[in-house]
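Participant: just to be clear, the model below is a prediction. Sequence and coordinates:
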Amino acid sequence: MILVEDDEIVRREIASAMAGFPDMVLVGEASSARAGRALLAQSAVDLAIVDLNLTDGKAHALIAEAKDRAVQVLVLTVHDDDESIFEALRAGAAGYLLKQESHVALGSALCLLRDGGAPISPRIARRLLENFRAPCAATPEPAVSLTPRERELVELFAKGITYSEVADLLGLSLNTVRSHVRNLYEKLQVCSKAEAVARVMNRA
């Protein structure tokens with residue numbers, strides 16, 4: 001995991017908080033988008049915490065590059081306006097957390113992000129719902145084609161099986177399971193196992 005944050009005090013606080021999560025290894029820190037891109041190029045990482053406003057400008061290009069490298073980006077910012085939220089999500093951010101959240105929430109958000117979820121601060125989630133809530137009658141959901149493996153995952157999740165148990169049952173690595181789950185979530189436009197199961201069952 002890398003951390004890109006221009007405020008040195010905040011950066012130290014986050015790095016200190018991450019030390020309390022032994023399964024989250026912080027391999028690099030940067031204060032600018034340029035330095036963040038260098039970290040992406042030099043380090044084999046799967047997660048990134050990125051502030052939106054950095055010393056050399058906005059972080060949207062950095063977020064897009066991270067997405068291209070299959071790095072899951074959690075935006076950590078003070079900005080809760082519509083423009084900041086939607087620009088970050090369009091750039092490829094997989095999660096959006098406000099800095100007012102506790103460090104415990106940050107650790108939980110990173111775990112959710114790593115497992116294929118989309119951690120979003122409650123206030124941001126409400127803004128998204130307000131913007132996307134349709135005033136007209138709902139239209140039928142488009143058909144989604146799942147692979148046999150993705151359907152197998154849904155069936156196992158319906159039984160309450162954990163990621164580790166899925167990996168053992170299918171003879172896969174935990175990272176491979178997480179990769180399948182991320183693809184499944186993206187296809188179904190959901191953020192959790194329960195939502196995935198419900199969405200597939202409703203379409204059956």
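Facilitator: Thanks, I have the structure now.

Participant: make it CA atoms for all contacts and neighbour counts henceforth
Facilitator: OK.

Participant: residue 128: neighbouring residues, count only.
Facilitator: Burial measure for residue 128: 15 neighbouring residues, criterion other CA atoms under 10 Å.

Participant: check which helix or strand covers it.
Facilitator: Per DSSP states H and E, residue 128 falls inside helix 122-132.

Participant: buried residues in that helix?
Facilitator: Going by neighbour count (16 or more other CA atoms under 10 Å), the buried part of helix 122-132 is 124, 127.

Participant: list the buried residues for the longest helix seen in the chain?
Facilitator: The helix spanning the most residues in the chain, taking DSSP state H as the definition, is helix 174-188. Of all the residues in helix 174-188, those buried under the rule 16+ other CA under 10 Å are 174, 177, 178, 179, 180, 181, 182, 184, 185, 188.

Participant: hang on, the earlier thing: off-centre distance for the helix or strand following the helix holding residue 128?
Facilitator: In the C-terminal direction, the helix or strand that comes right after helix 122-132 (DSSP H and E) is helix 148-158. Between the centre of helix 148-158 and the centre of its chain there are 21 Å (CA atoms, centre = their mean, to the nearest Å).

Participant: what's the following helix or strand after helix 148-158?
Facilitator: Later in the chain than helix 148-158, the nearest helix or strand by DSSP H and E is helix 163-170.

Participant: which ones are touching residue 157?
Facilitator: Counting by CA atoms under 8 Å, 6 or more residues apart in numbering, residue 157 makes contact with 193, 194, 197.

Participant: how about residue 6?
Facilitator: Counted by CA under 8 Å, 6+ apart, residue 6 has contacts 30, 31, 32, 51, 53, 54, 55.

Participant: so what are the domain limits for this structure?
Facilitator: Listed domain ranges for the chain are 2-132, 148-203 (source: automatic domain parsing).

Participant: would you single out the least confident of those domains?
Facilitator: Lowest mean pLDDT of these: domain 148-203, a mean of 85.

Participant: which of the domains of the chain is buried the deepest?
Facilitator: Stretch with highest mean neighbour count among the domains of the chain: domain 2-132 (a mean of 18; mean count of other CA atoms under 10 Å).

Participant: pull the distance from that domain to the chain's centre.
Facilitator: Distance, centroid of domain 2-132 to centroid of chain: 9 Å (CA atoms, centre = their mean).

Participant: which one of the contacts of residue 6 is nearest to residue 129?
Facilitator: Nearest to residue 129 out of those is residue 51 (CA to CA; 23.0 Å).

Participant: contacts made by stretch 166-185 with the rest, please.
Facilitator: Contacts to stretch 166-185, defined as CA under 8 Å, 6+ apart, come from residues 114-117, 146, 149-150, 153, 156, 163-164, 191-192, 196.

Participant: next: stretch 96-105.
Facilitator: Contacts of stretch 96-105 (CA under 8 Å, 6+ apart): 14, 17, 74-80, 85, 106, 119-121, 124.
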